[in-house]
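**Q** Got a sequence here, can you model it:
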Amino acid sequence: MQLSQLVASALHLPSYAESQPVVSLNGVTTFELQSGEQHYRVHLVKDEPDEDVKLPEAAKLAAFFNSKFFHETVTGNQLAIPCGRFERSFRIDDADVSYLVFVIRFEKGWRAHQLSEEELCLVAEKIGAIHAINTASMQPEFLRVIEENHQNIRSYQASVEPHLLKIMQEAVQGELAQYFSLPHEVMERVETVLASEDESDWSPPSERVICHGRLTADNCFFKQKSDNGGGSGCKVDLVDINEWENVHFGDVAFDLSNLIISSAEPSVRRNKYMTIFRSYYYSRVDQRTTDFRLSDLKRLFRKHHKRAVILGIEPLLEMLTSSEYEDVKRAHSYRWESALEDAFDFATHDYISDEEHCLFAKVPPTSTMLRHVFRKSVQLTFNVRTLASAAPAASVSVDKEALMKLRKRTGYSYVNCRKALVQFGSDNLAEAEKWLRERAQSEGWAKAAKLSSRATTQGLVAVHSIDSVAVIVELSCETDFVARGDSFKALLETITTSAMNYARNNAPQQGSEKIVTVNVDLNTLVSSDGKPLNEVLAMTVGKLGENITVRSIKALYAPAGSFLYSAAHPREGLPSVSMGKFVSVIALRRANVEGLFPTEKLASQICQHVIGMRSESLGEPPKTEKVETQKKRAEGNKDELNDFVEVQATHIDEDETALLRQAFMLNPSQTVYEYVKGHQAEIVDFVRSELGSSE
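**A** Predicted structure coming up:
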């Protein structure tokens with residue numbers, strides 16, 4: 001029999017539906033059973049009768065029993081904690097294997113991978129109520145066993161951490177690198193965060209409360225309220241928090257910090273974290289006095305970034321290797337990487353305060369006074385909340401319209417635009433914009449200098465042609481991830497269009513029978529708004545965090561009486577500029593005769609042939625032998641390639657590298673020369689280039 005059948009039999013369920021089993025990070029297997037309106041969650045582990053149990057098995061058993069003891073205590077003491085209620089425990093023997101099982105009843109709800117501010121505040125209120133439970137009333141044996149089991153779990157987690165970091169390193173260097181904005185910096189930042197030390201000049205609150213241990217959005221289940229919010233305004237209720245394997249007694253901010261860091265969109269995490277902590281604080285003090293302040297929660301939130309980032313690695317890897325939708329994977333990676341960025345900045349003391357971004361937003365000065373008010377009377381809660389939510393005294397207001405205008409003008413972040421307006425005022429946008437650009441430029445140059453020694457083996461080649469002028473630009477970077485990004489392509493487009501403007505204004509005297517190639521110096525080029533391109537390059541390096549180099553900029557000029565045409569492969573460019581790993585330019589002469597095969601299409605075919613057949617030289621036209629043939633064509637059977645061609649027999653060498661004598665890619669029975677001549681055109685010269693050829 002299947003395990004689910006054995007469990008259902010033990011629970012006396014005549015009929016049931018079962019879910020797929022899942023294994024927690026600690027190794028405990030769970031699955032759900034539904035019978036009628038009742039929902040059961042089954043937890044099981046393999047029994048280990050040997051006394052000499054190794055650490056992984058010991059941690060698995062510790063997680064199982066911690067969750068079991070917790071649910072027994074919550075159910076037996078009727079504690080107001082939104083979690084399942086203990087049903088029963090038993091042992092199952094299946095063949096030669098014995099399993100330990102416990103079952104809980106729970107209320108079915110829905111969950112989300114990312115929580116909104118409203119949902120986070122709701123969970124915060126519930127945690128506040130949980131923390132108001134007096135642990136002194138619990139059995140000493142329960143407290144002791146919970147802590148001992150948690151120590152076993154922590155020891156196991158510490159033992160596998162080096163292996164986990166190695167897997168993470170392989171992930172950001174392999175296929176999973178596509179999910180990170182700066183994959184090459186991830187492990188360096190993780191190592192810096194791990195090596196950092198907590199503040200030594202501050203003593204955190206000594207109070208210990210019930211902690212879930214790994215509280216994330218995946219553990220929180222919600223349900224729509226029957227009255228759709230009623231007077232409270234909140235339309236959902238938190239009905240279940242599951243997976244209590246890591247339950248322990250820890251500090252007051254750990255669970256909520258981990259929840260915000262792992263499950264909130266970065267802008268909510270950075271700018272609304274104190275709103276969420278206030279929801280927790282008010283819920284807590286409504287039921288029990290406290291010796292800590294809101295400012296203590298802020299410092300704990302900063303401290304817990306380190307552990308939350310490390311705890312988040314395993315769920316992150318699990319998500320990125322799952323069958324979830326791509327947008328869910330990328331959102332998860334974005335949350336984790338932005339939290340790592342903040343933790344890294346805390347560790348290196350590079351975090352700049354703007355009084356709104358997380359952890360440095362000043363707590364209102366009234367909060368210390370209000371702490372004493374709470375102790376005297378919880379009946380003042382409403383008035384207290386009104387005061388505590390007032391704007392910080394040190395905060396400077398900025399005009400929202402000016403802020404939006406400055407962001408639209410410059411494209412810089414909300415935080416930096418706000419700093420500029422605070423410094424120069426809403427009426428002085430010109431100075432604010434100038435300050436922003438100077439700051440971005442200096443930061444970009446500094447990062448460009450720091451990264452300049454890194455190898456750049458990836459990138460794109462761009463080509464652009466207008467009449468008798470063409471330009472080829474090779475731009476390289478460190479990773480293919482950056483090369484495929486919009487910012488990199490936009491930079492390449494800017495350089496290419498600027499090079500084209502320069503080339504057209506500095507054309508040499510005509511007279512050559514070959515394409516004339518002129519190298520162009522990046523330092524001579526400016527963007528359409530007059531900014532030096534070396535500055536634009538440095539700012540892009542600062543933005544992307546990768547070394548980017550311009551390997552070559554070439555201006556090409558057509559021989560007399562011809563025009564230049566170009567193509568790229570694979571086509572990865574923007575509408576105005578062709579980009580790819582390979583590019584080609586051909587010089588084509590052709591009389592302007594009405595009714596001929598379109599010149600643009602003819603030139604495109606030859607350009608693609610040059611790329612695909614790797615032509616090395618122009619060569620001499622092939623020798624032909626006249627062969628009498630009768631040309632027959634069924635009526636209505638159109639041959640687009642040879643509508644205007646009279647074919648002659650020619651010997652074709654498949655290994656030929658000279659363009660004119662090569663078999664034409666779209667019609668191998670003809671040479672390129674024959675095909676073009678049949679269309680009354682002449683190839684005068686060509687240039688072929690590919691990524692890395694400028695080295």
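
**Q** in stretch 168-187, what's buried?
**A** Going by neighbour count (16 or more other C-beta atoms under 10 Å), the buried part of stretch 168-187 is 168, 171-172, 176-187. From N, CA and C alone the C-beta is placed, and that goes for glycine too.

**Q** Check stretch 686-695 too.
**A** In stretch 686-695, counting by 16+ other C-beta under 10 Å, buried: 686, 687, 688, 689, 690, 691, 694.

**Q** Check the offset of that stretch from the chain's centre.
**A** Between the centre of stretch 686-695 and the centre of its chain there are 33 Å (C-alpha atoms, centre = their mean, to the nearest Å).

**Q** Over to stretch 454-464?
**A** 23 Å.

**Q** circling back to that earlier point, ok, of the buried residues of stretch 686-695, which one's closest to residue 535?
**A** The closest of these to residue 535 turns out to be residue 694 (C-beta to C-beta; 22.4 Å).

**Q** Select the longest helix from this protein.
**A** As assigned by DSSP state H, the longest helix anywhere in the chain is helix 140-173.

**Q** following that helix, which helix or strand comes up?
**A** Following helix 140-173 in sequence order, the next helix or strand is helix 183-195 (DSSP states H and E).

**Q** outside of that next one, which residues touch it?
**A** Applying C-beta atoms under 8 Å, 6 or more residues apart in numbering, the contact partners of helix 183-195 are 165, 168-169, 172-173, 177, 180, 305-306, 309-310, 313, 337, 340-341, 343-344, 347-348, 478-479, 481, 545-546.

**Q** List only those of those residues flagged as buried.
**A** 165, 168, 172, 177, 180, 305-306, 309-310, 313, 337, 340-341, 343-344, 347, 478-479, 481, 546.

**Q** From the residues you listed, which land in helices?
**A** Per DSSP H, the buried ones among the contacts of helix 183-195 map to helices at 165, 168, 172, 305-306, 309-310, 313, 337, 340-341, 343-344, 347, 481.

**Q** ok, so of those, who is nearest residue 237?
**A** residue 305 (29.3 Å).

**Q** What are the neighbouring residues in contact with the closest residue to that closest one other than its chain neighbours?
**A** In space, and not counting its chain neighbours, residue 305 is closest to residue 343: 4.0 Å by C-beta to C-beta, 6 or more residues apart in numbering. Applying C-beta under 8 Å, 6+ apart to residue 343 gives the contacts 189, 193, 305, 306, 308, 309.

**Q** Return the per-residue confidence for residue 60.
**A** As predicted, residue 60 sits at a pLDDT of 92.

**Q** for it, what are its contacts?
**A** Residue 60 sits next to 26, 27, 28, 45 when contact means C-beta under 8 Å, 6+ apart.

**Q** Which single one of these is nearest to residue 409?
**A** residue 26 (51.7 Å).

**Q** I'd say that closest one and residue 247 touch.
**A** No. Applying C-beta atoms under 8 Å, one finds residue 26 not in contact with residue 247, separated by 11.5 Å.

**Q** Which residue ranges make up the domains of this structure?
**A** 1-108, 112-197+204-354, 400-452, 458-622+644-690 (the TED database).

**Q** Just the buried residues of stretch 146-163, please?
**A** 146, 149, 150, 152, 153, 156, 157.

**Q** what's that stretch in contact with?
**A** 26, 55-56, 58-59, 62-63, 65-66, 69-70, 213, 245-249, 310.

**Q** what pLDDT, on average, does that stretch get?
**A** Mean predicted confidence for stretch 146-163 is 90.

**Q** quick one: it to chain centroid distance?
**A** 29 Å.

**Q** Could you do stretch 60-71 as well?
**A** 35 Å.

**Q** repeat for stretch 134-149
**A** Centre to centre, stretch against its chain (C-alpha atoms, centre = their mean), the figure for stretch 134-149 is 41 Å.

**Q** Same question for stretch 525-544: list its buried residues.
**A** For stretch 525-544, by 16+ other C-beta under 10 Å, it's 525-526, 533-542, 544.

**Q** Which elements pack onto the helix or strand hosting residue 42?
**A** Assigned by DSSP H and E, residue 42 belongs to strand 38-46. Judged by 3 or more C-beta pairs under 8 Å, 6 or more residues apart in numbering; DSSP states H and E, strand 38-46 is in contact with helix 3-10, strand 29-35, helix 55-76, strand 97-105.

**Q** Where strands are concerned, which of the buried residues of stretch 686-695 count?
**A** Members of those lying in strands (criterion: DSSP state E): 686, 687, 688, 689, 690.

**Q** Farthest-apart pair in those residues, please.
**A** Farthest pair in those, by C-beta to C-beta: 686 and 690, 13.8 Å.

**Q** Which residue is the nearest non-sequential neighbour of residue 247?
**A** Nearest residue to residue 247, sequence neighbours excluded (C-beta to C-beta, 6+ apart): residue 70, at 4.8 Å.

**Q** which residues does the one you found contact?
**A** Residue 70 makes contact with 146, 244, 247, according to C-beta under 8 Å, 6+ apart.

**Q** Those residues into a markdown table, with extra columns for distance to residue 674?
**A** Converted to a markdown table, the contacts of residue 70 look like this (distance: C-beta to C-beta, whole Å):
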| residue | distance to residue 674 |
| --- | --- |
| 146 | 86 |
| 244 | 79 |
| 247 | 81 |
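
**Q** between the contacts of residue 60, which is nearest residue 620?
**A** Closest to residue 620, out of all of these and judged by C-beta to C-beta, is residue 27, at 73.9 Å.

**Q** ok, so what distance separates the nearest residue to the closest one once chain neighbours are set aside from residue 147?
**A** In space, and not counting its chain neighbours, residue 27 is closest to residue 60: 4.0 Å by C-beta to C-beta, 6+ apart. The gap separating residue 60 from residue 147 is 18 Å, by C-beta to C-beta, to the nearest Å.

**Q** any residues touching stretch 79-91, and which ones?
**A** Residues contacting stretch 79-91 (C-beta under 8 Å, 6+ apart): 10-11, 40-41, 47, 68, 71-76, 98-106, 126, 129-130, 133, 210, 238-242, 244.

**Q** Just the buried residues of these.
**A** Using 16+ other C-beta under 10 Å, the buried ones in the contacts of stretch 79-91 are 11, 40-41, 47, 68, 71-75, 99-104, 106, 126, 129-130, 133, 210, 238-242, 244.

**Q** follow-up on the earlier one: could I get the buried residues of stretch 686-695 as CSV with distance to residue 559 and pLDDT?
**A** Output for the buried residues of stretch 686-695, formatted as CSV (distance: C-beta to C-beta, whole Å; pLDDT from 0 to 100):
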residue, distance to residue 559, pLDDT
686, 11, 96
687, 12, 95
688, 17, 95
689, 18, 93
690, 23, 92
691, 27, 90
694, 23, 69
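
**Q** Mind putting those residues into JSON lines with distance to residue 222?
**A** JSON lines is the format used below for the buried residues of stretch 686-695 (distance: C-beta to C-beta, whole Å):
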{"residue": "686", "distance to residue 222": "64"}
{"residue": "687", "distance to residue 222": "62"}
{"residue": "688", "distance to residue 222": "60"}
{"residue": "689", "distance to residue 222": "57"}
{"residue": "690", "distance to residue 222": "54"}
{"residue": "691", "distance to residue 222": "50"}
{"residue": "694", "distance to residue 222": "57"}
